[in-house]
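In: quick check, what structure comes out for this input:
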Amino acid sequence: MTAAENICYTLINVSLDSEPPNEISLKIDLEKGDVKTKTDALKKVIIMILNGEKLPGLLMTIIRFVLPLQDHTIKKLLLVFWEIVPKTTPDGKLLQEMILVCDAYRKDLQHPNEFIRGSTLRFLCKLKEPELLEPLMPAIRACLEHRHSYVRRNAVLAIYTIYRNFENLIPDAPELIHDFLVNEKDASCKRNAFMMLIHADQDRALDYLSTCIDQVHTFGDILQLVIVELIYKVCHANPTERARFIRCIYNLLQSSSPAVKYEAAGTLVTLSSAPTAIKAAAQCYIDLIIKESDNNVKLIVLDRLIDLREHPTHERVLQDLVMDVLRVLSTPDLEVRKKTLHLALDLVSSRNVEELVIVLKKEVIKTNDVSEHEDTDKYRQLLVRTLHSCSVRFPDMAENVIPVLMEFLSDSNEAAAADVLEFVREAIQSFDKLRPIIIEKMLEVFHAIKSVKIYRGALWILGEYCSSKEDIQSVMTEVRRSLGEIPIVESEIKKETGELKIDGDVQVIPTQKLVTEMGTYATQSALSTRPSKKEEDRPPLRGFLLDGDFFVAGALATTLTKIALRYVALQQDKKKQNSFAAEAMLIMASILHLGKSSLPKKSITDDDVDRISLCLKVLSECSPLMNNIFNKECRKSLSQMLSAKLEEEKQTQKKQSEKRNVLVQADDPISFMQLMAKNEMTSKEDQFQLSLLAAMGNTQRKETSDPLTSKLSKVTQLTGFSDPVYAEAYVHVNQYDIVLDVLVVNQTSDTLQNCTLELATLGDLKLVEKPSPLTLAPHDFANIKANVKVASTENGIIFGNIVYDISGAASDRNCVVLSDIHIDIMDYIQPAVCTDAEFRQMWAEFEWENKVTVNTNITDLNEYLQHILKSTNMKCLTPEKALSGYCGFMAANLYARSIFGEDALANVSIEKPVHLGPDAPVTGHIRIRAKSQGMALSLGDKINLSQKKVKA
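Out: Prediction:
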């Protein structure tokens, strides 16, 4: 058995720059040095043994000259030394010298100092030699009655580990500990004793709990946690015991310790699905979220609440607690608020939607009062979206919500205003009776809108839905008010030329006489102009146009055309008809003139010229066909888009509800808990075991194929079969770290000393600790584990070599270079969902772009897209309806998020070259955008590799 395979409980840091000491100098220091010298020498001995050295000659020296010392530091170091030193001969018999050691530890167990007693008892937990433990048993038993709790609680742990490993040494341990537990007063000792009974003799633990079940709420939290664990395990194994202990769990929900409340709530949910139990557990979770200050705790407990909701029978119980859930919104953290709003929205029903809307309206108004902060804007956006979803699901609420939200159209935060606008557009189309209110409110806030994007949307809504003569006139008045004096060019030129004539704006500074270089006199005077306020006083629409944003002019032209055509149909008076149409045409012509002039910062684009010219032509001709297109077909398109969106949302909700609903076939056997055999019941997963595995990073992923083959696919060969040292690594990727389990095989007939695995990393990877050197016997093998920490999502490379010395050889160190281990980015990327607006915003913000040219032998567009989605782990945001059909080309948006919270966007633009025949492969390109360069490049490399692998 090699040094690397020995179990080690203690890790000691080794400084790399220190010179390795030799055995003779250590022997002299241990024999003749003072206490400090002996301490240093003992530390060096421990480090050498940990590194694989044997040092058998020093054993007797340490027993004679170091063991009798009473210094506490030396005693502690000796415990580490006896833990790691080989205690047996090569044939497995105990060394004779260990009898002396055993006697020394018997004396330490009777030492008057409680630290020495307690630390010795802790050391005995790690001993695996029954011959050493047997003489110490009376002394260990005596420690149970020591006056100090530190000694007593370590005595309990020592008895537990000895009973677990060598039951014959102390067969009456459960009885002994039960008697100790009955009389013990210290909380930590009781906890250790009770924990031992749970694992060693569960019946005795239950007997003790039965005697004191009414006093459980008075116990310390460490003991309460162990009691919760026992009740869970007992009821998990034997459901008939539930009624006996469920009252105890209810009482523990009122514990003063948050940890106990959390565990008790989790246990209660697994023990009972009665509405009262679920309600009590959920109430307990909500209280924990509100009272705990740590945001991570809030998020974890919120996840438990969300898991509760996943169960169909629990959902109705939780619906009554929606208002309690909304109390969590008092937390300033955005992520907590986001999860809370999602949960509240999932739980809302017709019974409580009114109360929910009142709370959300108050929260929206509150965001106006607080000082501007980055998260305030995002929170307002979340609230707007939640209110939007409420109004879509419960149309009666829209009437209350819309007037409050319309105020935010003039908000400086464009994202929140855009969400409000989207909501208003959907509401005005879906709810006919709300149109007059929306139009009236829209006209009120129209002049205060600051963002050009919101202005454009508001213009479109007014143009599309104003149906009465009075509303149409009001729209025209608002447009004129927002545009200022027309014709625009002439009025602007007048202002420019008239600026110098305005009194008070110009101030003449007295002339000064100056002497030039040639000795002549020159006069100098200066005109000082005060800053004009005309820039600030410009009407909003005029300001947008002078800034060169003529896209809004295209929207304005469409709006004017729609309302003019509608006005002509409503108004019988020919003169008024012509007057209104002429006014609309004058505004459009004036904008065209402005676009062609040099006044705006950017001149008008050809697209906008075409749009405005078309509108002018439509108004001049007024043909029935164009009237139909402008006033009917536009609204029909919006209606189709909204209905398609609604249909898609319904489909998504249906899929989610189908997942949650457990389908039971008519001929499925009914399972009666009372009649089930114990081995059948073990199929239910132990929650404590699962949470322990999750904490250790060992969560078992569900393998689709045979787990053995999937594990073998992660084994990487690092050296060749003919190399003196063969190595291969199993790469296990946890969330934030990678564990390399390297098998090293000595293929020579020599003993390899100081065999060291040296690793280095490329990319955002960091080696946590350097693997220890080891000694390999001829044809021996060993496993070396190395941890690599991952900091961000990008492809990483681990490379290195194995260096070793051959015993007896005078040559330099030998080296075997290892193959590179490539870490795949796909282990960190997960499909995610975002809205179109968020996608566009991120697309504009992200600075790293990687353009990948499509180079594949796949001939079908849809097949290629599916292949890219599968190989990159991304989600397609483009709806299925938009991708259906066949037209020779395809554009789709893809999105994914890494476990580190990094976003990755991709836009696929592909086409099928028809002129090359039906078997021609797909062509085009994929543009990837990400915040970090590594993410964009790694994703591009992955696409390049995967698209070539597929065979036609």
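
In: show me what contacts residue 875?
Out: By CB atoms under 8 Å, 6 or more residues apart in numbering, the contact list for residue 875 reads 831, 832, 833, 869, 894, 895, 896. (Glycine included, C-beta is placed from N, CA and C.)

In: list the residues that contact the third one.
Out: So that's residue 833. Residue 833 makes contact with 875, 877, 895 under the criterion CB under 8 Å, 6+ apart.

In: the contacts of residue 875 in helices, which ones?
Out: Among these, the ones falling in helices (DSSP state H) are residue 869.

In: quick one: the contacts of residue 875 as CSV, columns for distance to residue 468 too.
Out: Supplementary listing: the contacts of residue 875 in CSV, determined by distance: CB to CB, whole Å:
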residue, distance to residue 468
831, 48
832, 46
833, 41
869, 50
894, 46
895, 44
896, 49
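
In: among the contacts of residue 875, name the buried ones.
Out: Neighbour-count burial (16 or more other CB atoms under 10 Å) applied to the contacts of residue 875 gives 869, 894, 895, 896.

In: now, which of these sits nearest residue 419?
Out: Distance to residue 419 across the buried ones among the contacts of residue 875 (CB to CB) is lowest for residue 895, with 18.8 Å.

In: which residues touch the helix or strand containing residue 376?
Out: Secondary-structure assignment from DSSP states H and E places residue 376 in helix 374-393. For helix 374-393, the external contacting residues (CB under 8 Å, 6+ apart) are 332, 334, 337-338, 341, 344-345, 348, 353, 356-357, 360-361, 363-364, 367, 370, 397-398, 401-402, 405, 408, 411, 413, 415-416, 419-420, 422-423, 426-427, 430, 646.

In: check which element follows it along the chain.
Out: If you walk from helix 374-393 toward the C-terminus, the next helix or strand you reach (DSSP H and E) is helix 398-406.

In: gap between residue 867 and residue 645?
Out: For residue 867, the distance to residue 645 under the criterion CB to CB, to the nearest Å works out to 27 Å.

In: so which of those two has more stuff around it?
Out: For residue 867 versus residue 645, the count of surrounding residues by other CB atoms under 10 Å is larger for residue 867: 18 against 14.

In: the strand or helix carrying the more buried one - contacts with which helices or strands?
Out: In this structure, residue 867 sits in helix 861-872 according to DSSP H and E. When contacts are defined as 3 or more CB pairs under 8 Å, 6 or more residues apart in numbering; DSSP states H and E, helix 861-872 packs onto strand 875-876, strand 889-898, strand 903-911, helix 933-949.

In: which one of these is the most hemmed in?
Out: strand 903-911 (a mean of 21; mean count of other CB atoms under 10 Å).

In: what are the pairing partners of that one, and which direction each?
Out: In the sheet, strand 903-911 lines up against strand 889-898 (antiparallel), strand 923-930 (antiparallel) (DSSP bridges).

In: hmm, who's touching the last one?
Out: Yep, that's strand 923-930 we're talking about. Defining contact as CB under 8 Å, 6+ apart, one finds that strand 923-930 is touched by 842-843, 846, 848-854, 868, 889, 902-913, 936, 939-940, 943.

In: please save the CA atoms from it in CSV.
Out: Listed in CSV are the C-alpha atoms of strand 923-930, where the atom choice follows Å, rounded to 0.1, in the frame of the first residue of the first chain:
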residue,chain,number,x,y,z
THR,A,923,-24.4,28.5,-45.8
GLY,A,924,-24.4,31.6,-43.7
HIS,A,925,-22.9,32.8,-40.4
ILE,A,926,-23.4,32.8,-36.7
ARG,A,927,-22.6,35.9,-34.7
ILE,A,928,-21.8,35.4,-31.0
ARG,A,929,-21.8,38.2,-28.4
ALA,A,930,-20.7,38.0,-24.8
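
In: can you give me the angle that strand makes with helix 861-872?
Out: Following axes from the mean of the first three to the mean of the last three CA atoms, to 10 degrees, one obtains 30 degrees for the angle between strand 923-930 and helix 861-872.

In: average pLDDT for strand 923-930?
Out: When pLDDT is averaged along strand 923-930, the result is 90.

In: so which bits of it are buried?
Out: For strand 923-930, the buried set under the neighbour-count rule, 16+ other CB under 10 Å, comprises 923, 924, 926, 927, 928, 929, 930.

In: and which of these is nearest residue 947?
Out: Using CB to CB, these come closest to residue 947 at residue 926, 8.9 Å.

In: ok, back up a step: buried stuff in the helix holding residue 376?
Out: The neighbour-count check on helix 374-393 (16+ other CB under 10 Å) flags 376-392 as buried.

In: and for the residue lying closest to residue 604 once chain neighbours are set aside, the neighbour number?
Out: In space, residue 604 comes closest to residue 595 once its chain neighbours are excluded; the distance is 2.7 Å by CB to CB, 6 or more residues apart in numbering. By other CB under 10 Å, 22 other residues sit near residue 595.

In: I'd say residue 595 and residue 549 touch.
Out: No: counting by CB atoms under 8 Å, residue 595 stays clear of residue 549, with 10.8 Å between them.

In: got a quick PyMOL command for the buried subset of the contacts of helix 374-393?
Out: In PyMOL syntax, the buried subset of those is picked out as below (16+ other CB under 10 Å):
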select buried, resi 337+341+344+345+348+353+356+357+360+361+363+364+367+397+398+401+402+405+408+411+413+415+416+419+420+422+423+426+427+430
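
In: helices - which of the contacts of helix 374-393 land there?
Out: Judged by DSSP H, the subset of the contacts of helix 374-393 located in helices is 334, 337-338, 341, 344-345, 353, 356-357, 360-361, 363-364, 367, 398, 401-402, 405, 415-416, 419-420, 422-423, 426-427, 430, 646.

In: contacts for stretch 591-610?
Out: Contact with stretch 591-610 is made by 487-489, 492-493, 545-551, 553-554, 556-557, 612-613, as judged by CB under 8 Å, 6+ apart.

In: now do 7 Å
Out: By CB atoms under 7 Å, 6 or more residues apart in numbering, the residues outside stretch 591-610 that reach it are 487-489, 492, 545-548, 550-551, 553-554, 612.

In: swap in stretch 86-104?
Out: If you take CB under 7 Å, 6+ apart as the criterion, stretch 86-104 is touched by 59, 60, 63, 67, 82, 129, 131, 132, 135, 136.

In: pretty sure residue 850 is in a helix, no?
Out: No: per DSSP: H, G, I helix; E, B strand; the rest coil, residue 850 lies outside any helix segment and is strand.

In: so it touches residue 934, yeah?
Out: No: applying CB atoms under 7 Å, one finds residue 850 not in contact with residue 934, separated by 10.7 Å.

In: one step back: now do the buried residues in the helix holding residue 867.
Out: Of the residues in helix 861-872, those scored as buried under the neighbour-count criterion (16+ other CB under 10 Å) are 861, 864, 865, 867, 868, 869, 871, 872.

In: kindly report the same for stretch 473-489.
Out: Going by neighbour count (16+ other CB under 10 Å), the buried part of stretch 473-489 is 474, 475, 476, 478, 479, 482, 483, 484, 486, 488, 489.

In: what do you get for stretch 237-255?
Out: For stretch 237-255, a neighbour-count test (16+ other CB under 10 Å) marks 242, 244, 245, 246, 248, 249, 250, 252, 253, 255 as buried.

In: just stretch 619-637 next, same as before
Out: Of the residues in stretch 619-637, those buried under the neighbour-count criterion (16+ other CB under 10 Å) are 619, 626, 627, 630, 631.

In: for stretch 753-760, same thing?
Out: Neighbour count says stretch 753-760 has 753, 754, 755, 756, 757, 759 buried, by 16+ other CB under 10 Å.

In: for those, which one is nearest residue 303?
Out: Ranking those by separation from residue 303, with CB to CB as the measure, puts residue 759 on top at 35.7 Å.

In: quick one: contacts for the nearest residue to the closest one once chain neighbours are set aside?
Out: The shortest distance from residue 759 to any non-neighbouring residue, by CB to CB, 6+ apart, is to residue 800 (3.9 Å). For residue 800, the residues meeting the contact criterion (CB under 7 Å, 6+ apart) are 757, 758, 759, 760, 818.

In: so the fourth one touches residue 797, yeah?
Out: No: the pair residue 760 and residue 797 does not pass the contact test of CB under 7 Å, sitting 9.2 Å apart.
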